[in-house]
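Trainee: One predicted model, sequence on top.
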Amino acid sequence: MQEWMFLGVALLLNAVANVLIKLGAKTDGALPDGCPFVARAVHFLNFPTLLGIGLFSANIVAYRIALDRLHISVAYPVMVSGSLILITLAAVMVPGLQERVSARQLAGMALIMFGIWFVTRVQDQDFLSSEHIDSPAGYRFGDSVKV
């Protein structure tokens, strides 16, 4: 159960980091032509952007811990799909972003949530063990192949 907690933390950190990077990009106004590189770099790496980069780093640590016990074929789809849903919700609700979401996007997010549910059920049943999956060529995963 702890592996799911770390995956949830990684998912949340990833979503917040993405929102912060977007907020940092929105505060990024135009600089005058001929501005020195250092001034441009400081302007680009504003506080929301730097905080987002830090949260991405923390996300990697939490995700790595989650991968100690979860199949990547389950953890990665949950991470990507869950992030998409959280980021979309934040894009609608966070002041300064307030993006619009169409009915088609909402329908797609509902399908994604079903997909997350379905993929995580596979993990619970250990369906992905080598005893259950055969390749089309008749080899079982983990068998050595002569070349």
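Mentor: Cool, the structure landed.
Trainee: can you count the residues close to L55?
Mentor: 20 (other CB atoms under 10 Å). Every C-beta, even on glycine, is put in place using the N, C-alpha and C of the backbone.
Trainee: Which residue, other than its chain neighbours, is closest to it?
Mentor: Spatially, and ignoring its direct neighbours in sequence, L55 is nearest to A17 (3.7 Å; CB to CB, 6 or more residues apart in numbering).
Trainee: how deep is that neighbour tucked in, by neighbour count?
Mentor: Residues near A17, counting by other CB under 10 Å: 23.
Trainee: For it, list the residues it contacts.
Mentor: L51, G52, I53, G54, L55, F56, N59 (CB atoms under 8 Å, 6 or more residues apart in numbering).
Trainee: for M113, same thing?
Mentor: S81, I85.
Trainee: and it, backbone torsions?
Mentor: The phi and psi torsions at M113 (degrees, to the nearest 10) take the values phi -60, psi -40.
Trainee: Repeat that for S73.
Mentor: Backbone torsions of S73, given as degrees, to the nearest 10, read phi -70, psi -10.
Trainee: quick one: pLDDT of it?
Mentor: Note on S73: pLDDT of 87.
Trainee: One more: Y139?
Mentor: With respect to pLDDT, Y139 scores 47.
Trainee: that older thread, can you tell me how far the residue nearest to L55 is from E99?
Mentor: Going from A17 to E99 by CB to CB, to the nearest Å gives 17 Å.
Trainee: Identify those among the contacts of A17 that sit within helices.
Mentor: If you go by DSSP state H, the contacts of A17 have L51, G52, I53, G54, L55, F56, N59 in helices.
Trainee: before we move on, the earlier item: doesn't the residue nearest to L55 lie inside a strand?
Mentor: No. A17 is assigned helix when assessed by DSSP: H, G, I helix; E, B strand; the rest coil, not a strand.
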